[in-house]
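# Got a sequence here, can you build the structure:
(2 chains)
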There are 2 protein chains.
Amino acid sequence: MTRRLTSRLLSAVASLAILLTAFPARAQTDPLPGWNDGPAKQAILTLVRTTTDSSSPSFVPPGKRFATFDQDGTIWVEHPMYTQMVFAFDRVAALAPQHPEWKTTEPFKSVLADDKAAMSKFTSKDFLAIFVATHTGMSVDAFQQTARDWLGTAKDSRWHRPYTELIYEPMLEVMKYLRANGYRTYIVTGGGQDFVRVYSEQVYGVVPEQVIGSAVATKYTYDNAGAGILMRPPELLLNNNFSGKPEDIYLFTGSHPQAAFGNSTGDQQMLEYTQAGPDAHLMMIVLHDDAQREYAYGPADGLPPSDVGTFTQALYDEAKSKGWIVISMKHDWKQIFAWEK
Amino acid sequence: MTRRLTSRLLSAVASLAILLTAFPARAQTDPLPGWNDGPAKQAILTLVRTTTDSSSPSFVPPGKRFATFDQDGTIWVEHPMYTQMVFAFDRVAALAPQHPEWKTTEPFKSVLADDKAAMSKFTSKDFLAIFVATHTGMSVDAFQQTARDWLGTAKDSRWHRPYTELIYEPMLEVMKYLRANGYRTYIVTGGGQDFVRVYSEQVYGVVPEQVIGSAVATKYTYDNAGAGILMRPPELLLNNNFSGKPEDIYLFTGSHPQAAFGNSTGDQQMLEYTQAGPDAHLMMIVLHDDAQREYAYGPADGLPPSDVGTFTQALYDEAKSKGWIVISMKHDWKQIFAWEK
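Now for the predicted structure:
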């Protein structure tokens, strides 16, 4: 490059740099427009401000910054049934012609008859049988394709929309805001890792390698052409709920997040682990208190702890005693879904 | 922003863009200066060129690009003994005062006596006993600190340098070159994930979340102050060798890499899985054929397959039949280590 061109290049870079830094204040807009002002919104803004300001004692280098989000009930709707459970029941119906014995065998018989009373009494053994029948025994590619096809056509019973539209817009704003500030945003779900990875990037902007979920072991083998493939045997490798969440966050990342978002006892240990980290941290739990715009359930129902996680009174009390921030869907969120606009 | 300023800004950006694109050829320097020209170097350059050129049929979008590297024998020295095994033996010595019974109990007795003949006959059961005694029973933080302390002082017996300097410079160049072209670079090692994560970023530029290795299960519990901590029980969760490599790559990323680098039968399935992916792909294995500058071992030794992986004649034959590229350390690498310069 000639000296003259180098000089022109440097001059152009200098002009650009001056112009870009001259107006930082004017470029600022509210990064969380779906949130009403209040302690919850302020806590998120404060975490980002203090961890990204290199002169702050709470500064965290960009490469270390990450936040973890539970999925069901935290970033998308979990009522009246987990979406992946609806998928599993639909798969039972789809696979029934190949399993004539299911017509007379529980738990499949009740699913096929849509016997809601019987289904409400399913034990974890029943759910396991349904899970094994619908989620294992195929290649990982075949499973993902089945999930993709179902997600493309299934609709929920209340809003009649694809499940991938039942996303909480204010939480999407938080994820985008964090990413714009150098945070990686992980989904850490008790649901299936492979299921969520099918849509995570398109729906949440979360790349597959930042989805940590419950996972079956895979088994490496060969297809008929001799190519390496991975099968899904009926063997659970990661049970990513309760204590499994911090354990798997550590397995995937090697460290503590600076922020964690949950909504049930299944997220409790993840929030505790976040609080135990060496950096500044923020723990938040979503309270479903808006029966009109979404659903209302939680501590007021006096629910007992369940084996999939519940927002109990005990969780509420722990949150209050430990300084975790409860997000009220009714009061903190201006809107729930993007399509309400 | 005023219209005039906007106009100046746009003008500056346009000038810059023109200047930056006007001289692409002149700005190019050899991205792999430690490699002699030949099929190995050309294969790496070709993969990057074809997968990053959006007009190429082999183009891969940046977010999908990643490559996997075995560690021992592929990116750092593994002879005469795996570094982590040296660490384990040193830990036996360090912990011996707390275990007087080890003086008379195998396999610890032989380690403490530095009885190389006996150690060379250790079975996998012996190694397991040493692994459990030195790698489990403490918190994850305590383990990492112990590894960090050891790596800061231990030196190898041939070059008398820290183990973290026994890195193959040409492979570091490949990692940097790939990252500069939008690839994530994962270490996929049969060694311990927690051990490698202690130094991976500083030594290889690989962030902890991109280190996939063998891993003990962790157990979430509480310290005396009630804070959440993770302990290391004597339970293996991931055996990241042989078939474990593709299985764990899928667990961590959800897809096939476009490039994989190994040096033994322990990497064979990872290379096969890479070749089975839908995108353009490159499979390479490092042949240790330079006794003068490093070590020479492999197919010529007629080694049987071992349970930790070996460069056997069968692997060499598979490589040739499948189009994998064998990297000759002697012929393909101008230099082995950075400090040879």
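# Now do the contacts for A:Leu95.
The contact partners of A:Leu95, taken as CB atoms under 8 Å, 6 or more residues apart in numbering or on different chains, are A:133-134. To be clear about C-beta, it is placed using only N, CA and C from the backbone, and glycine gets the same treatment.
# what about chain A, any weak spots by pLDDT?
A:1-28, A:303-308, A:341 (pLDDT under 70).
# Spatially central, which residue of it would that be?
Most central in chain A under CA atoms, centre = their mean is A:Gln71, positioned 2.8 Å from the mean C-alpha point.
# In this structure that one contacts A:Ile187, no?
Yes - at 5.5 Å, A:Gln71 counts as touching A:Ile187 under the criterion of CB atoms under 8 Å.
# hey, what's in contact with both of those two?
Both A:Gln71 and A:Ile187 are contacted by A:196, A:213, under the criterion CB under 8 Å, 6+ apart.
# Check the gap between the residue nearest to the residue nearest to the centre of chain A when sequence neighbours are not counted and A:Gly266 for me.
The shortest distance from A:Gln71 to any non-neighbouring residue, by CB to CB, 6 or more residues apart in numbering or on different chains, is to A:Thr189 (3.9 Å). According to CB to CB, to the nearest Å, A:Thr189 stands 9 Å off from A:Gly266.
# likewise A:Arg148?
Shown here: A:Arg148 relative to A:Gly266, a distance of 26 Å by CB to CB.
# So for those two, which residue has more residues nearby?
Each of A:Arg148 and A:Gly266 has its neighbours counted (other CB atoms under 10 Å in any protein chain shown); A:Gly266 has more, 27 against 12.
# could you list every residue that touches the more buried one?
A:70, A:190, A:241-242, A:245, A:308-309.
# of the residues you listed, closest to B:Ala296?
Closest approach to B:Ala296 among the contacts of A:Gly266 (CB to CB): A:Lys245, at 47.7 Å.
# Please, which helix or strand holds the closest one?
Using DSSP states H and E, the element containing A:Lys245 is helix A:244-253.
# Run me through the strand neighbours of the next helix or strand after that helix, direction for each.
Next helix or strand after helix A:244-253 toward the C-terminus (DSSP H and E): strand A:259-262. Applying DSSP bridges, strand A:259-262 is found paired with strand A:66-69 (parallel), strand A:282-289 (parallel).
# Can you tell me which of these is nearest to B:Pro80?
That would be strand A:66-69 among those, by CB to CB, at 39.2 Å.
# can you pull the buried residues of stretch A:126-136?
Across stretch A:126-136, burial judged by 16 or more other CB atoms under 10 Å in any protein chain shown covers A:126-127, A:129-136.
# The residue nearest to A:Gln144 when sequence neighbours are not counted: neighbouring residues, count only.
Spatial nearest neighbour of A:Gln144, excluding adjacent residues (CB to CB, 6+ apart): A:Val198 at 5.6 Å. As a burial measure, A:Val198 scores 24 neighbours (other CB under 10 Å).
# my guess is A:Val198 contacts A:Asp149, does it?
No - counting by CB under 8 Å, A:Val198 stays clear of A:Asp149, with 9.8 Å between them.
# quick revisit: show me the common contact partners of A:Thr189 and A:Gly266, please.
Common contacts of A:Thr189 and A:Gly266 (CB under 8 Å, 6+ apart): A:Asp70.
# tell me the contacts of A:Leu112?
A:92-93, A:96, A:102-103.
# In three-state terms, how would A:Gln144 be classified?
helix (DSSP: H, G, I helix; E, B strand; the rest coil).
# cool, and A:Gly190?
At A:Gly190 the chain is in strand, as set by three-state DSSP.
# Surely it touches A:Asp72?
Yes - A:Gly190 is in contact with A:Asp72 according to CB under 8 Å; the separation is 7.1 Å.
# sorry, back to before: which of the contacts of A:Leu112 lies closest to chain B?
For the contacts of A:Leu112, the minimum distance to chain B (CB to the nearest CB) is 25.4 Å, reached by A:Val92.
# Which positions in the strand or helix carrying that closest one come out as buried?
In the assignment (DSSP H and E), A:Val92 maps to helix A:83-95. Neighbour counts over helix A:83-95 (16+ other CB under 10 Å) mark A:83-89, A:91-92 as buried.
# And for A:Gly192, the neighbour number?
Look at A:Gly192: counted by other CB under 10 Å, it has 23 neighbours.
# Next, count neighbours for A:Gly205.
Neighbour count of A:Gly205, defined by other CB under 10 Å: 13.
# Hmm, it is touching A:Arg179, no?
Yes - A:Gly205 is in contact with A:Arg179 according to CB under 8 Å; the separation is 6.9 Å.
# which neighbours do these two share?
Common neighbours of A:Gly205 and A:Arg179 (CB under 8 Å, 6+ apart) are A:Thr185.
# how deep is A:Asn224 tucked in, by neighbour count?
6.
# Cool, thanks, signing off.
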